[in-house]
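**Q** Structure for the following, please:
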Amino acid sequence: MSAAATAELIADGGEAAAGAEFFRSRPFLEAESATHTLRIESAGGELLAPLIVRPIGEGPELDAISPYGYPGLVEREGSRGHVPRSLPAVAPG
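**A** Next up, the predicted model:
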């Protein structure tokens, strides 16, 4: 059984997911025009990923992609090491 998790899209230019690695560095995220951070939270902690969010046409729909080089999800410092088990609760299948 999976633990419950919630996902949130934060309009912070990828700041919450920024780090020391090249594909997470602030200059790289700025060059790639990162606009948001995807934050997935569960009882085990948090996972973060930078995203580029863009409108689709003139409507309210949005599209989200990862920056070039896909830095992937990173566990926030202080998380308890059990977050990956929650991913099926956010994106089943």
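**Q** What score does Ser42 have for pLDDT?
**A** Note on Ser42: pLDDT of 83.
**Q** That one contacts Glu75, correct?
**A** No - the pair Ser42 / Glu75 is not scored as a contact, 11.0 Å apart, by Cβ atoms under 8 Å. Quick note: C-beta positions are derived from backbone N, CA and C, even for glycine.
**Q** ok, longest strand in the protein?
**A** strand 45-55 (DSSP state E).
**Q** Now do that one, average pLDDT.
**A** Computed over strand 45-55, the average pLDDT equals 92.
**Q** try stretch 19-39
**A** Averaged over stretch 19-39, pLDDT sits at 93.
**Q** That stretch: end-to-end distance?
**A** Start-to-end span of stretch 19-39 (Cα to Cα, to the nearest Å) is 15 Å.
**Q** Name the nearest residue to Gly72, sequence neighbours excluded.
**A** Excluding the flanking residues, the one nearest Gly72 by Cβ to Cβ, 6 or more residues apart in numbering is Ala49, at 6.5 Å.
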